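Asker: fold the following for me, if possible:
(chains A and B)
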Amino acid sequence: MIEIIKLTLKEAKREKGFYAGLILLFLSLICYFIVESFAMFEPEKVMAVYALSSVEGLSIILLFFLIFSFLSQDLNKKGIEYMLTLPIKRRDYILGRFFGINISVFILAIISTFIYMLLHLLMFGVCPFAFLIQLILLMALVLMLSSLPFLLITASKRPTLIAFLVFFIYVIGINLDDAVRFLSTRHGREIPVVSRALLKISYYIFPNFSFFDVKIPIAYKLSFSTMHIVFALLYGILYTFFILLFSIMLFQNKEIK
Amino acid sequence: MIGYLRDIEKSFPIKDIGKRRQRVLKGISFEIKKGEVLGLVGLNGQGKSTTIKIMLGLLRPDRGDVKIQGHKPGEIDTLRHIAYLPENPWFFDNLNAKEFLYFIANLRQIDKERLKQEVEEMIKRVGLSGNEKKVIRKYSKGMVQRLGLAQAFLGDADFIILDEPLSGLDPEGRKMAKDLIKGHKKKQKTVFFTSHILEDIEQMADRVLIMNRGRIIKEVHRADLYNKTLEQVFIETIEHDRNN
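Answerer: Here you go, the predicted model:
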């Protein structure tokens, strides 16, 4: 597995997407000063939200780029077929690729978080250590999201379809809480029973990424419970574990046509 | 004996959804002997690649028995003894030849002390010296094929499977590939390969299996050829099979 992780990291390092991620980080840093000059009230809080959103956005963009890039080469160019003729256990292929992709994204997320923390310190004279909490939760979100393509490759050979489905699940996942909250409003109670039931089922089936979003409480220094952080981390790790376990079980007996 | 395939049958669904299936392999059987060069020939779409994929454990037969080195195909113990060169190979685009061969050498558990020397020797043998630090995506088709041969012969696997090993190679490259195969046989190791160029097969193989419509229809030993070429035997055999 270590060999596959090293291979994935080497490949990711030379991917155009990794450099695109660094360029986007540079651009977002330039924009930081532009946005800061427009922030009329509470610039410290506004910029904290900006910084945390930038780190999350960059990490998710890089993750999707790497997922698509590795899926394309492994599925379209028959990389997977060749890999499985090498003395590699099938589970090591999945875990090696999974950790390789995650470590690449974590590197960008950590670098950008520390740059923003330093910038915040220089601009406002306060080191925002709470950014690290959002970084840890972001890592859990990335773990969950990056496990999904491995489950989907057991059912489809089309990288575009898989990348689209992962994006679709991501969009549903970040909006689940808002959607369920909407159900309890007056307008929400008016929607058809079937739609309400579907939404409730989705709530339990799809990964709920809204648990990992503490940007506003961190930026506005609102209190949030430690239990929420612990619960979100446990949820992310367990969800990832079961998705990977299920993927390995299905992939173990998959025929490579 | 390195391995065997007995009464192998394999079918695929005609469409993604539905029960109708097309039988691709219809009970093929053959043995692979230690130290031989065994060729598999056949027209396009007759089941050669499916046979190779079954030997590698990428596909499972519907019926029949396969054993390679005493194990089931695809098991890690089997794969440790096998090296494979796919048809139209693709290797990790963002690596260079040296990094890729180190990756393969580590997987084949080549001794750390011999590793560097073996990789460098192999790069030289396949004629990639001077290009070993270039990323693979910048390689021509012939260079990728040379790299494919390098990874297959690196580490002296007991059993090498080559799917169209001479495809895309220039005359010098073809000679190099033939020398590698002959050298491997001299070490009492086994090579199984397919090619559409029957002259090459005739030059290298000790035994040739002719495949048509999902069956092995003839086994030709080099000594059986007498004054005929393999191409003549192949065409006669295929035509005879078609008429029956």
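Asker: quick check, distance from stretch A:185-199 to the centre of its chain.
Answerer: Mean-position distance between stretch A:185-199 and its chain equals 29 Å (Cα atoms, centre = their mean, to the nearest Å).
Asker: what of stretch A:3-11?
Answerer: Worked out by Cα atoms, centre = their mean, stretch A:3-11 lies 20 Å from the chain centre.
Asker: what residues does that stretch touch?
Answerer: Residues from elsewhere that reach stretch A:3-11, judged by Cβ atoms under 8 Å, 6 or more residues apart in numbering or on different chains: A:70, A:88, A:92-93, A:95-97, A:99-101, A:103-104, B:92-95, B:99, B:103, B:106-107. Every C-beta, even on glycine, is put in place using the N, C-alpha and C of the backbone.
Asker: give me the buried subset of the residues you listed.
Answerer: If you count burial by 16 or more other Cβ atoms under 10 Å in any protein chain shown, the buried members of these come out as A:70, A:88, A:92-93, A:95-97, A:99-101, A:104, B:92-95, B:99, B:103, B:107.
Asker: off-centre distance for stretch B:54-72?
Answerer: For stretch B:54-72 - counting by Cα atoms, centre = their mean - the centre lies 15 Å from the chain centre.
Asker: so which bits of that stretch are buried?
Answerer: B:54-59, B:61, B:64, B:66-69, B:71.
Asker: ok, which of the residues you listed also contact chain A?
Answerer: When Cβ under 8 Å from any Cβ of the partner chain is applied, the members of the buried residues of stretch B:54-72 adjacent to chain A are B:Leu56, B:Gly57, B:Leu58, B:Leu59.
Asker: for A:Phe242, give me the pLDDT.
Answerer: What the model reports as pLDDT for A:Phe242 is 93.
Asker: that one: which element?
Answerer: Secondary structure assigned from DSSP states H and E places A:Phe242 in helix A:226-252.
Asker: which parts of that helix are buried?
Answerer: Neighbour-count burial for helix A:226-252 flags A:Ile229, A:Ala232, A:Leu233, A:Tyr235, A:Gly236, A:Tyr239, A:Thr240, A:Ile243, A:Leu244, A:Ser247, A:Ile248, A:Phe251 (criterion: 16+ other Cβ under 10 Å).
Asker: same for that helix, what does it pack against?
Answerer: Helices and strands touching helix A:226-252, as assessed by 3 or more Cβ pairs under 8 Å, 6 or more residues apart in numbering or on different chains; DSSP states H and E, comprise helix A:90-124, helix A:131-152.
Asker: follow-up on the earlier one: in helices, which of the buried residues of stretch B:54-72 appear?
Answerer: B:Ile54, B:Met55, B:Leu56 (DSSP state H).
Asker: just want the most central residue of chain B.
Answerer: Against the mean C-alpha coordinate of chain B, by Cα atoms, centre = their mean, the closest residue is B:Leu162 at 2.0 Å.
Asker: strands paired with the host helix or strand of it, and their directions?
Answerer: Secondary-structure assignment from DSSP H and E places B:Leu162 in strand B:159-163. Here strand B:159-163 is paired, per DSSP bridges, with strand B:82-85 (parallel), strand B:190-194 (parallel).
Asker: beyond that strand, next helix or strand please.
Answerer: As the chain continues past strand B:159-163, the following element, by DSSP H and E, is helix B:171-186.
Asker: for that next one, name the packing helices and strands.
Answerer: In terms of contact count using 3+ Cβ pairs under 8 Å, 6+ apart, helix B:171-186 is assigned the packing partners helix B:141-153, strand B:190-194, helix B:198-204.
Asker: check A:Phe209 and give its pLDDT.
Answerer: A:Phe209 carries a pLDDT value of 87.
Asker: for B:Thr194, same thing?
Answerer: Among the per-residue scores, B:Thr194 holds a pLDDT of 89.
Asker: how much space separates it from B:Phe12?
Answerer: Applying Cβ to Cβ, to the nearest Å, one obtains 19 Å for the distance of B:Thr194 from B:Phe12.
Asker: who's B:Phe12 bridged to?
Answerer: Here B:Phe12 sits in beta bridges with B:Gln22, going by DSSP bridges.
Asker: tell me which residues in the one helix or strand in chain B whose mean pLDDT sits lowest are buried?
Answerer: Of all helical and strand segments in chain B, the minimum by mean pLDDT, DSSP states H and E falls on helix B:230-243, at a mean of 82. With burial defined by 16+ other Cβ under 10 Å, the residues of helix B:230-243 counted as buried are B:Leu230, B:Val233, B:Phe234, B:Thr237, B:Ile238.
Asker: where does B:Pro218 fall, phi/psi-wise?
Answerer: Let me fix one detail, which is that residue B:218 is Lys and not Pro. phi -160, psi 150 (degrees, to the nearest 10).
Asker: can you tell me the element the spatially closest residue to it that is not a sequence neighbour falls in?
Answerer: Taking Cβ to Cβ, 6 or more residues apart in numbering or on different chains as the measure, B:Lys218 lies nearest to B:Ile210, with 4.3 Å between them; neighbours along the chain are not counted. In this structure, B:Ile210 sits in strand B:207-212 according to DSSP H and E.
Asker: what does stretch B:119-139 contact?
Answerer: When contacts are taken as Cβ under 8 Å, 6+ apart, the neighbours of stretch B:119-139 outside the stretch itself are A:14, B:91-98, B:100-102, B:105, B:143-144, B:146-147, B:149-150, B:153-154, B:172-173, B:176, B:180.
Asker: any chance of JSON lines for the buried residues of helix B:230-243, columns distance to chain A?
Answerer: Shown next, in JSON lines, are the buried residues of helix B:230-243 (distance: Cβ to the nearest Cβ, whole Å):
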{"residue": "B:Leu230", "distance to chain A": "28"}
{"residue": "B:Val233", "distance to chain A": "31"}
{"residue": "B:Phe234", "distance to chain A": "27"}
{"residue": "B:Thr237", "distance to chain A": "28"}
{"residue": "B:Ile238", "distance to chain A": "26"}
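Asker: ok, so of the residues you listed, who is nearest A:Ile205?
Answerer: Taking Cβ to Cβ as the measure, A:Ile205 sits nearest to B:Ile238 out of the buried residues of helix B:230-243, at 54.6 Å.
Asker: contacting residues around the closest one?
Answerer: Residues touching B:Ile238, when contacts are defined by Cβ under 8 Å, 6+ apart, comprise B:Leu43, B:Ile210, B:Asn212, B:Ile217.
Asker: just the buried residues of these.
Answerer: Buried residues within the contacts of B:Ile238, counting neighbours by 16+ other Cβ under 10 Å: B:Ile210, B:Asn212, B:Ile217.
Asker: closest to chain A among those residues?
Answerer: Ranked by distance to chain A (Cβ to the nearest Cβ), these are led by B:Asn212 at 21.7 Å.
Asker: show me what contacts that closest one?
Answerer: For B:Asn212, the contact set (Cβ under 8 Å, 6+ apart) comprises B:Gly42, B:Leu43, B:Gln46, B:Thr237, B:Ile238, B:Asp241, B:Arg242.
Asker: go with 6 Å
Answerer: Going by Cβ atoms under 6 Å, 6 or more residues apart in numbering or on different chains, B:Asn212 touches B:Gly42, B:Gln46, B:Ile238, B:Asp241.
Asker: sorry, back to before: for A:Met1, find the nearest of the strands paired with strand B:159-163.
Answerer: Of all the strands paired with strand B:159-163, the one in closest proximity to A:Met1, counting by Cβ to Cβ, is strand B:82-85 (20.2 Å).
Asker: how distant is that closest one from the center of its chain?
Answerer: The offset between the C-alpha centroid of strand B:82-85 and the centroid of the whole chain comes to 7 Å, using Cα atoms, centre = their mean.
Asker: now swap in stretch B:212-229 and tell me
Answerer: For stretch B:212-229, the gap between its own C-alpha mean and the chain's C-alpha mean amounts to 18 Å (Cα atoms, centre = their mean).
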